[in-house]
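> structure, please.
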Amino acid sequence: MPAIPAFTGYPSLVAPLPPLVRAQRRLEAKILPLADLQAQEKAVRADIDHLLVAAGLDKGEAVTCLGYDVTHVERKGTARLNQDVLVVKLIAEGLGEALVLELIAASTETGDPSAWATVKPSKGSKVRR
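Numbering: from 1, shown residues only. The predicted structure follows:
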């Protein structure tokens, strides 16, 4: 694996990058302890939802409790085609592999890409918090 170059090799990064990296690391250190609380809160909401379903509430129905509207929410899972399975099944039905791959390529849409930065300590480095 090639060595990662230092940011100083990119003049446009020399001034603005270090303060942003420090800010990101400080913020991440502050929110890290909350990750466990987030998992606990999610588990409690799951327990509440189980109670609502067991009581007979349907999708979108709610009860009030302690001044809060407590609603049972449902959402369908995301449906996606498994291209590998589709290719195998279509070929098994008698379509040629080249035709199947061509049809899939012609009907495939690609959404907008996403991009973001990650900031993690380099291997072996000692960093201040």
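> can you list the weak-confidence ranges in the protein?
Low-confidence regions of the chain, defined here as pLDDT under 70, cover residues 127-129.
> the strands in it, which residues?
Ranges of strands in the chain, per DSSP state E, are 62-65, 68-71.
> residue 12 is nearest to which of those strands?
strand 68-71 (48.9 Å; Cβ to Cβ). (Each C-beta comes from the backbone N, C-alpha and C, glycine too.)
> can you pull up the most central residue in the chain?
Nearest to the mean C-alpha position of the chain, counting by Cα atoms, centre = their mean, stands residue 114 at 11.5 Å.
> one step back: can I get the strands of the chain in a markdown table including mean neighbour count and distance to residue 103?
Converted to a markdown table, these look like this (neighbours: other Cβ atoms under 10 Å; distance: least, Cβ to Cβ, whole Å):
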| stretch | mean neighbour count | distance to residue 103 |
| --- | --- | --- |
| strand 62-65 | 11 | 46 |
| strand 68-71 | 12 | 43 |
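> how about those in TSV, adding distance to residue 97?
What follows is those, written out as TSV (distance: least, Cβ to Cβ, whole Å):
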stretch	distance to residue 97
strand 62-65	52
strand 68-71	49
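> wait, which of those is closest to residue 91?
Among these, strand 68-71 comes nearest to residue 91, with 46.5 Å by Cβ to Cβ.
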